[in-house]
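A.B. asks: Fold the stuff below for me.
(one chain, ligands or ions: 5)
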Amino acid sequence: MWKLYHGWYILATLLPALAGSTTTQQVLGDVSQCGRPNVVFILTDDQDAHLGSLEYMPFVRKHLLDEGTYFNKHYCTTAVCCPSRATLWTGKASHNTNITDVNPPYGGYPKFVDQGFNENYLPVWLQQAGYNSYYTGKLFNVHTVTNYNSPEPAGFTNYDFLLDPFTYNYLNSTFQRKGENPKSYEGYYSTDVMSQKAQSLLQDAVLAEEPFFLTIAPIAPHGNIVMNGSALDKNPVFEHSAPIPAKRHELLFGDVQVPRSANFNPGKPSGANWVLDLPQQTQENVEYNDHYHRQRIRSLQAVDELVDDIFAKLEEYGILENTYVFYSSDNGFHIGQHRLQPGKSCGYEEDINIPLIVRGPGVAANQTTEIVTTHTDLAPTFFDILGIPTREDFDGNAIPITPDGINEASQRRREHVAVEYWGYAGGEGIFDRTLHENNTYKAIRISGDGYKFYYSIWCNNEHELYDMDTDPGQMNNLLSVPSSMDTTKSSPSAAIIVAGYPLNKIVSRLDSLLLVLKSCKGAVCREPWKALHPKRDVNTLKEALSSKFDDFYQEQQTRVAFDYCWNGYVPEAEGSMWEKDGLFFRDGLPWHVWT
Ligand SMILES: *[C@@H]1O[C@H](CO)[C@@H](O)[C@H](O)[C@H]1NC(C)=O
Ligand SMILES: *[C@@H]1O[C@H](CO)[C@@H](O)[C@H](O)[C@H]1NC(C)=O
Ligand SMILES: *[C@@H]1O[C@H](CO)[C@@H](O)[C@H](O)[C@H]1NC(C)=O
Ligand SMILES: *[C@@H]1O[C@H](CO)[C@@H](O)[C@H](O)[C@H]1NC(C)=O
Ligand SMILES: *[C@@H]1O[C@H](CO)[C@@H](O)[C@H](O)[C@H]1NC(C)=O
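C.D. replies: Ligands and ions are numbered 1, 2, ... in the order given. Coordinates of the predicted model:
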């Protein structure tokens, strides 16, 4: 059956695996249990944590959830694939990569190269630290059949990348293996082809007898896209449809529906800006959305099998005990919540709160933790577990993965997630394909002792605040104008009490925190309260809420406000900036260093 996949190539790579596994195991017997650990990172695309997709992945449950730790408050910081991947591979927030879109001029592989990251990102750093690095699947958008070699993605021992314009075509993929020309797999199922490639790269890694980092990035459960060119070509046409499952899975889950949560196609509008104007979806639209949801879950079945096959190999090679396996997604997904068509790119919980599961040496089995973690933290985490000295320019903090580390972090770890987005939002289903412009916003998601909030400011300066304890579906915007405002001052009312605090107090603190976070770099992103309180007497929102800081926050601070909406990160559009205005920090250094 290997002939099915363009005969030669698969035969050539699989035969040694069949013939040579004993040798491989013997070799590994010497090094596997005592050498530096390996990492396998499985990165899905658009997988939710809120629509129940993981419940339909029995092998992910068996190998990862039952044997590892689930990070229930893991967030992406920019809810769309290319910017989010740039953050994963650099450890930097999007405002520091300036890769803020999927296509040029603000994003895509060409922008990644222009920004100088091809010489300066995770695979390169891993190689410098003595790791072999391997990758199969989608790296970035606009990494294409024409630009794949100009330049080649640096830092990989070997790879087999999916290329545009075929990346999201489940039945007509093109892959390119290092040193070879792109190969079409027309008619074969993308995830199954990738599973073979992952096995082949894993075997290479094992035979090389060096510690390795292998990323496997299947497209599921992203929608299917047929394109007649990439964003580099003239007038490319992109045709979106629901994800396509493997034939063997296409009849499963006939009764499954999108969970009917409080924010699902609600009777009254919710959100802000263009979201607040969306009409309630028709019955026909809702039925289509349920279909779309089922297609996502069906498409994830081949990923689930891929996961099982990878674990079988890790076990067979005798390296399972010395390998960390991470499972996550680039961003989340919404279907019908707030009346939204299937898609992402919003700051709502469905889009930003995503799965992160870790299994490996010292990681507790069958545990869930509530510590706050983000995609900016993953590169620092890989450095930490592989014993590589950290980089000062990382915008995130290493995630503790052992029970002791998690226990300590639950007392002390930062509470916030800095969320940002620039540009467009559009549905990926067949109903209402409007591209909503001005989907540019900054936000904070914060979870601390006694409070959980989502605070956002859009580029038209609309504000949102949700009390996530009492309103997890984000249906009641506490800053909708004018009901929550003190009309004499047009500022949030002191008479409204939320989580035990007056609204104006909470908003003033969150706003100052956001002012710091929206242009922070490195240490300031990791410990933003220290930028506001150089004496280091405040580390949490709760501490900042002390009345001794009322004047500081409510009277002295500049408020976050956009000057205008733009589709990329142009500082001129973004109003006051912590660093620009030199309040306490310049170039990420505290004032006492540069004054
Ligand atoms: C995981 O923990 C839950 C409860 O905490 C328990 O019901 C379940 O049996 C455990 N699963 C395994 C595989 O240990
Ligand atoms: C696959 O893509 C090629 C190139 O665009 C096209 O010619 C071919 O018809 C496609 N095949 C299928 C099955 O869609
Ligand atoms: C894609 O199709 C559109 C519409 O038929 C056409 O205008 C455009 O030139 C095509 N683009 C490419 C790159 O083939
Ligand atoms: C988007 O923002 C720009 C600049 O702030 C404004 O001119 C334009 O009218 C806005 N468009 C919509 C659809 O709101
Ligand atoms: C980000 O990139 C865009 C497009 O190249 C550019 O206009 C903008 O100035 C850049 N922003 C920053 C902060 O460098």
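A.B. asks: gap between the residue in the stretch 1-150 of the chain positioned nearest to ligand 5 and Phe117?
C.D. replies: When scored by C-beta to the nearest ligand atom, the stretch 1-150 of the chain has Asn98 as its residue closest to ligand 5, at 3.9 Å. Quick note: C-beta positions are derived from backbone N, CA and C, even for glycine. Computed as C-beta to C-beta, to the nearest Å, the Asn98 to Phe117 distance reads 10 Å.
A.B. asks: Ser345 too?
C.D. replies: In terms of C-beta to C-beta, Ser345 sits 22 Å off from Phe117.
A.B. asks: Also Pro534?
C.D. replies: From Pro534 to Phe117 the distance is 32 Å (C-beta to C-beta).
A.B. asks: Ala364 too?
C.D. replies: Ala364 is 34 Å from Phe117, by C-beta to C-beta.
A.B. asks: Between those two, point out the one with more neighbours.
C.D. replies: Phe117 (20 against 17; other C-beta atoms under 10 Å).
A.B. asks: Skip the chain neighbours and tell me the closest residue to the more buried one.
C.D. replies: Leaving aside its chain neighbours, Phe117 sits nearest to Thr90 (5.9 Å; criterion: C-beta to C-beta, 6 or more residues apart in numbering).
A.B. asks: for Leu139, same thing?
C.D. replies: Nearest non-adjacent residue to Leu139, counting by C-beta to C-beta, 6+ apart: Phe161, 5.3 Å away.
A.B. asks: That neighbour against Gln176, yeah?
C.D. replies: Yes. Phe161 is within contact range of Gln176, at 5.4 Å (criterion: C-beta atoms under 8 Å).
A.B. asks: Pick out whichever of those two has more residues nearby.
C.D. replies: Phe161 (25 against 20).
A.B. asks: Output the host helix or strand of that one in CSV, but only the C-alpha positions, please.
C.D. replies: Element membership for Phe161, per DSSP states H and E: strand 158-162. The C-alpha trace of strand 158-162 is given here as CSV (Å, rounded to 0.1, in the frame of the first residue of the first chain):
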residue,chain,number,x,y,z
ASN,A,158,15.4,17.6,7.9
TYR,A,159,11.9,18.6,7.0
ASP,A,160,8.9,17.9,4.8
PHE,A,161,6.8,21.0,4.7
LEU,A,162,3.3,21.6,3.3
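A.B. asks: number of nearby residues for the closest residue to ligand 5 within the stretch 151-300 of the chain?
C.D. replies: Closest approach between the stretch 151-300 of the chain and ligand 5, counting by C-beta to the nearest ligand atom: Ala231, at 14.4 Å. Close neighbours of Ala231, defined as other C-beta under 10 Å, add up to 19.
A.B. asks: Now do the contacts for it.
C.D. replies: Residues near Ala231 by C-beta atoms under 8 Å, 6 or more residues apart in numbering: Val102, Asn103, Pro104, Gly108, Asn141, Val142, Asp164.
A.B. asks: Pull the number of nearby residues for the fourth one.
C.D. replies: Which is Gly108. 27.
A.B. asks: Adjust the sequence numbering to begin at 553 for everything that follows.
C.D. replies: With 553 as the first residue, the last one maps to Gly660.
A.B. asks: shouldn't it be in contact with Gln667?
C.D. replies: No. Between Gly660 and Gln667 there is no contact under C-beta under 8 Å: 11.1 Å.
A.B. asks: Find residues that contact each of those two.
C.D. replies: Common neighbours of Gly660 and Gln667 (C-beta under 8 Å, 6+ apart) are Ile651.
A.B. asks: How far does the lengthiest helix in the chain sit from its chain's centre?
C.D. replies: Using DSSP state H, we find that the single longest helix of the chain is helix 835-868. Relative to the centre of its chain, helix 835-868 is centred 18 Å away, using C-alpha atoms, centre = their mean, to the nearest Å.
A.B. asks: repeat for stretch 708-724
C.D. replies: Taking C-alpha atoms, centre = their mean, the mean C-alpha location of stretch 708-724 is offset from the chain mean by 19 Å.
A.B. asks: Does ligand 2 have contacts with that stretch?
C.D. replies: Yes. Residues of stretch 708-724 contacting ligand 2 under C-beta under 6 Å from any ligand atom: Leu723, Asn724.
A.B. asks: first vs last residue of that stretch, how far apart are they?
C.D. replies: This stretch, stretch 708-724, spans 25 Å end to end (C-alpha to C-alpha, to the nearest Å).
A.B. asks: Tell me if it is near ligand 3.
C.D. replies: No. For stretch 708-724, no contact with ligand 3 is found by C-beta under 6 Å from any ligand atom; the gap never falls below 8.3 Å.
A.B. asks: show me the contacts for the residue of the stretch 953-1102 of the chain found nearest ligand 3.
C.D. replies: Closest residue of the stretch 953-1102 of the chain to ligand 3, C-beta to the nearest ligand atom: Arg985 (15.6 Å). Contacts here follow C-beta under 8 Å, 6+ apart; on that basis Arg985 touches His792, Gln893, Gly978, Gly979.
A.B. asks: For the last one, grab phi and psi.
C.D. replies: Right, the one you point to is Gly979. Backbone torsions for Gly979, taken as degrees, to the nearest 10, come to phi -70, psi 150.
A.B. asks: Can you tell me which residues in the stretch 953-1102 of the chain are near ligand 4?
C.D. replies: Glu989, Asn990.
A.B. asks: shaky segments in the stretch 953-1102 of the chain?
C.D. replies: 1034-1042 (pLDDT under 70).
A.B. asks: if we can go back for a sec, backbone torsions only: list them for the residue nearest to Phe669.
C.D. replies: Torsion angles, degrees, to the nearest 10, at Thr642: phi -120, psi -20.
A.B. asks: Now do it: how many residues are near it, please.
C.D. replies: Neighbours of Thr642 (other C-beta under 10 Å): 25.
A.B. asks: list the contacts for it?
C.D. replies: Asn648, Thr649, Phe669, Asn672, Tyr673, Leu674, Ala931.
A.B. asks: related to what we said a few turns ago, now do the SS call for the residue of the stretch 953-1102 of the chain closest to ligand 3.
C.D. replies: Three-state call for Arg985 (DSSP: H, G, I helix; E, B strand; the rest coil): coil.
A.B. asks: Please report the distance of it from ligand 2.
C.D. replies: 21 Å (C-beta to the nearest ligand atom, to the nearest Å).
A.B. asks: Same question for His886.
C.D. replies: Counting by C-beta to the nearest ligand atom, the gap from His886 to ligand 2 is 29 Å.
A.B. asks: Please name the nearest non-neighbouring residue to that residue.
C.D. replies: Glu902 (4.2 Å).
A.B. asks: Checking my notes, the one you found in a helix, right?
C.D. replies: Yes. Secondary structure of Glu902 (three-state DSSP): part of a helix.
A.B. asks: for whichever residue of the stretch 753-902 of the chain sits closest to ligand 3, phi and psi?
C.D. replies: As assessed by C-beta to the nearest ligand atom, ligand 3 sits closest to Gly781 within the stretch 753-902 of the chain, at 2.8 Å. Dihedral angles of Gly781 (phi, psi; degrees, to the nearest 10) stand at phi 170, psi 170.
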